[in-house]
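Novice: need a 3D model of the sequence below.
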Amino acid sequence: MSKRTDTIKSLFTAPQSSALSADNMPAALPRVSSGSVRSLKDSFSEVEKENEELRERIASGAVILEIDPSLVDPSPLADRFRDQDDSSFEALKQSIAQRGQEVPILVREHPEAKGRYQSAYGHRRVRATRELGISVKAILRPLSDEALVVAQGLENAPREDLSFIERASFAMHIEDAGHSRSVVQDALSVDRAEASKLLAVARSVPAEVIQAIGKAPKVGRGRWQSFAELIKDSAALKRVRAVIAEPKFAERETDARFLAAFSAATRPSRGEPSKEPDEKPVFSVSGEKIAHVRQAERELKLTIDKNVSTTFAAFLVDQLPALFDAFSKKSSGQESTEA
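Specialist: Numbers count the residues shown, from 1 in each chain. So this is what the prediction gives:
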């Protein structure tokens, strides 16, 4: 093959230099993997998120501080009980000791003591850092009394470990401090009906009885309402107070203390005279004595008079379902009228 032939061939087989594409557009840049692009976008998103949070804190006047926990006073309105067997607090304290305080508390400058702070929430974190001898991380915000209460309640509302009676007591403390019922609802994230039920129980059970029983986390609204109804009777309340005064009462676990108090309210104690049963005769319209009724606290006994035909008893039993239905309809009608 001649040299001329080789030269012509090379014109068609040699690799092209950086030529333009068919539509005269520059060649594409080297491709970058989608994973790298996503990672870069996530990094920018996290930075932007942090910047946005920082902007919000600056806008709201919030500042994150590390302060001496001995300078932090609790909110004037208690939202939880301090129980002797507080295993959850010990777990929190151990977590902070090992990994540090991950979530800051919320504080405001103390309205009455210069140089001190008042916490809206994070009371247990303050206690834990104080016992560990380390500073507590806190967000400082200018809060009114109402804003402090609402922030305190909203932070605690999602927690499952805040028992019914703790929430009821907190609701009462809010109202007793002069706040409106709407503030109670906002702080506890409840409607007006639920707020009323919480307050009704808290005001029906004396404070010393509640404190003696403790948080009772396994006891819900229904049993507390029943207990509140029972101790409206002065004799029942007297029995409860006698039980909680016993030395062994405080040694029990909090739910067991409630059961002991509830049992005392339900049943008369030994040696206490029971209420005399109510006894009265029953007469027919014509004035004939047909039966004798003996009614105690939880029992009614009807005795048919010996002069009445024995078939009357069977007739009475047959009529009981219809009599009960008539009574139920009458009771429902009365309740509707009263409502």
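Novice: list phi and psi for residue 71.
Specialist: phi -90, psi 0 (degrees, to the nearest 10).
Novice: residues near the spatially closest residue to it that is not a sequence neighbour, how many?
Specialist: Counting by CB to CB, 6 or more residues apart in numbering, residue 71 lies nearest to residue 116, which is 5.2 Å off, once chain neighbours are set aside. C-betas here are computed from N, CA, C, even on glycine. Counted by other CB atoms under 10 Å, the residues lying close to residue 116 total 16.
Novice: got the phi and psi for residue 116?
Specialist: Here is the backbone geometry of residue 116 (degrees, to the nearest 10): phi -120, psi 170.
Novice: what's the pLDDT at it?
Specialist: Listed pLDDT for residue 116 reads 94.
Novice: let me see the ranges of the helices in the stretch 201-339 of the chain.
Specialist: 207-213, 221-230, 234-244, 254-266, 311-338 (DSSP state H, counting those that start in this stretch).
Novice: would you convert those helices into TSV that also reports mean neighbour count, distance to residue 75 and mean pLDDT?
Specialist: Listed next are these as TSV, based on neighbours: other CB atoms under 10 Å; distance: least, CB to CB, whole Å; pLDDT from 0 to 100:
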stretch	mean neighbour count	distance to residue 75	mean pLDDT
helix 207-213	17	18	93
helix 221-230	16	24	93
helix 234-244	17	27	94
helix 254-266	19	23	93
helix 311-338	10	40	72
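Novice: tell me how far the residue nearest to residue 71 lies from residue 189.
Specialist: Distance, residue 116 to residue 189, using CB to CB, to the nearest Å: 30 Å.
Novice: and for residue 153?
Specialist: Taking CB to CB, one finds residue 153 at 7 Å from residue 189.
Novice: list the contacts of residue 205.
Specialist: For residue 205, the contact set (CB atoms under 8 Å, 6 or more residues apart in numbering) comprises 165, 224, 227, 228, 231.
Novice: can you report how many residues neighbour the first one?
Specialist: Counted with other CB under 10 Å, the neighbours of residue 165 add up to 26.
Novice: which strand or helix spans it?
Specialist: helix 164-176 (DSSP states H and E).
Novice: mind listing what's buried along the helix or strand just after that helix?
Specialist: Toward the C-terminal end, the helix or strand that comes next after helix 164-176 (DSSP H and E) is helix 181-188. Neighbour-count burial for helix 181-188, counted by 16 or more other CB atoms under 10 Å, picks out 183, 184, 185, 186, 187, 188.
Novice: tell me the SS of the nearest residue to residue 173 once chain neighbours are set aside?
Specialist: Of all residues not flanking residue 173 in the chain, residue 77 sits nearest, at 4.4 Å (CB to CB, 6+ apart). With DSSP: H, G, I helix; E, B strand; the rest coil as the basis, residue 77 sits in coil.
Novice: residue 77: how many residues sit nearby?
Specialist: Other residues within reach of residue 77, judged by other CB under 10 Å, total 21.
Novice: can you name the residues that contact residue 65?
Specialist: Applying CB under 8 Å, 6+ apart, the residues near residue 65 are 137, 138, 139, 140.
Novice: and what about it, helix, strand or coil?
Specialist: strand.
Novice: for it, name its beta-bridge partners.
Specialist: Assessed by DSSP bridges, residue 65 has beta-bridge partners residue 138.
Novice: from residue 106, how far off is it?
Specialist: 11 Å.
Novice: intersection of neighbour lists for the two?
Specialist: Counting by CB under 8 Å, 6+ apart, the contacts common to residue 65 and residue 106 are 138, 139.
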